[in-house]
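>>> Okay, sequence plus prediction incoming.
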Amino acid sequence: MNILICDDERAYVNDIKNHVELFMDDHNYDTEIDTFYNGEELLKNCGKKYDIAFLDIEIGNVKGTDVAVKLKEANKNIIIFIITAYDKYLDEAMDLDVLRFIVKPLDAKRLYSGLEKAINLIDDRMVDFYLKYKDGAVRVSTSDIIYVEIFNRATKVVTTIGEFMSREKINYWENNLVASYFFKVHTSFIINMKYITKYERDIVELNNSYLVPVAYRTRSKFKNYFINYFGGV
């Protein structure tokens, strides 16, 4: 999951980053956090697709709402938190469907609550993909994907309605399957936790049909993720 934090107060950026890292570590989410302290610099680097962004309402000479518009061009489903001590831009922020306003000084409890809601929203959003099928294409929703596997120089996408080939590489799927129920158990496999029917130390069974290996270096992390995801089994 890619997260952006931008505020012209470095101490405040670091404070938010520390709390976000703590929350994500506690929930075993793989997270990459980028930080910016200058709105103009950020506008020059808005091409990356972020899942969550924390934006100061005024970042030097740049408005956080203007940055939000640019970020939505890369990912229309990005979840925006606006950091503010002012209210003159609130109408603009509301037009951008901002999830929550973070008021200075930082309220950690409110931040964690907002992150919890953001994760739930990401999980609930079903992104559709068009995959090659015979002479045409078929539309598949995120929640219907059982697992993705590297297959030669492409990827095989196994779904509840069949198996399809994609020319996209595994990194594409890793960047787009951001719901918490997806986990990369192996360099060649991304699985949907919802379809696990059996789990052993080095292998998972999906949908009572597919056996997927769990790489040695991810076993410990996946075990913790599995326990947290399924409520301490």
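Arrived safely, thanks for sending. Numbers count the residues shown, from 1 in each chain.

>>> where does the protein dip in pLDDT?
Low-confidence segments of the chain, defined by pLDDT under 70: 85-97, 232-233.

>>> all helices for it, in order.
10-26, 39-43, 64-74, 90-95, 108-124, 170-176, 219-229 (DSSP state H).

>>> which residues does Ile33 bridge with?
Judged by DSSP bridges, the bridge partners of Ile33 are Ile3.

>>> Now do the same contact list for it.
By C-beta atoms under 8 Å, 6 or more residues apart in numbering, Ile33 lies in contact with 3-5, 17, 20-21. Just so you know, the C-beta spots here come from the backbone N, C-alpha and C atoms, and that holds for glycine as well.

>>> I'd like the helices of the chain as CSV, with distance to Asp202 and mean neighbour count appended.
Shown next, in CSV, are the helices of the chain (distance: least, C-beta to C-beta, whole Å; neighbours: other C-beta atoms under 10 Å):
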stretch, distance to Asp202, mean neighbour count
helix 10-26, 24, 15
helix 39-43, 43, 17
helix 64-74, 37, 18
helix 90-95, 48, 14
helix 108-124, 27, 15
helix 170-176, 20, 16
helix 219-229, 7, 15
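
>>> Figure out which of those helices is closest to Ile102.
Nearest to Ile102 among the helices of the chain is helix 108-124 (6.4 Å), distances taken as C-beta to C-beta.

>>> Output the closest one in PDB with nothing but the alpha carbons.
Taking Å, rounded to 0.1, in the frame of the first residue of the first chain, the C-alpha atoms of helix 108-124 are listed here in PDB:
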ATOM      1  CA  ALA A 108      -3.500   9.900  17.500                       C
ATOM      2  CA  LYS A 109      -6.800   8.200  18.400                       C
ATOM      3  CA  ARG A 110      -8.600  10.100  15.700                       C
ATOM      4  CA  LEU A 111      -5.800   9.300  13.200                       C
ATOM      5  CA  TYR A 112      -6.000   5.500  14.000                       C
ATOM      6  CA  SER A 113      -9.800   5.600  13.700                       C
ATOM      7  CA  GLY A 114      -9.500   7.300  10.300                       C
ATOM      8  CA  LEU A 115      -6.900   4.700   9.100                       C
ATOM      9  CA  GLU A 116      -9.200   1.900  10.200                       C
ATOM     10  CA  LYS A 117     -12.000   3.400   8.100                       C
ATOM     11  CA  ALA A 118      -9.700   4.000   5.100                       C
ATOM     12  CA  ILE A 119      -8.600   0.300   5.100                       C
ATOM     13  CA  ASN A 120     -12.200  -0.800   5.300                       C
ATOM     14  CA  LEU A 121     -13.100   1.400   2.300                       C
ATOM     15  CA  ILE A 122     -10.200   0.100   0.300                       C
ATOM     16  CA  ASP A 123     -11.300  -3.500   1.100                       C
ATOM     17  CA  ASP A 124     -14.900  -2.700   0.100                       C
END
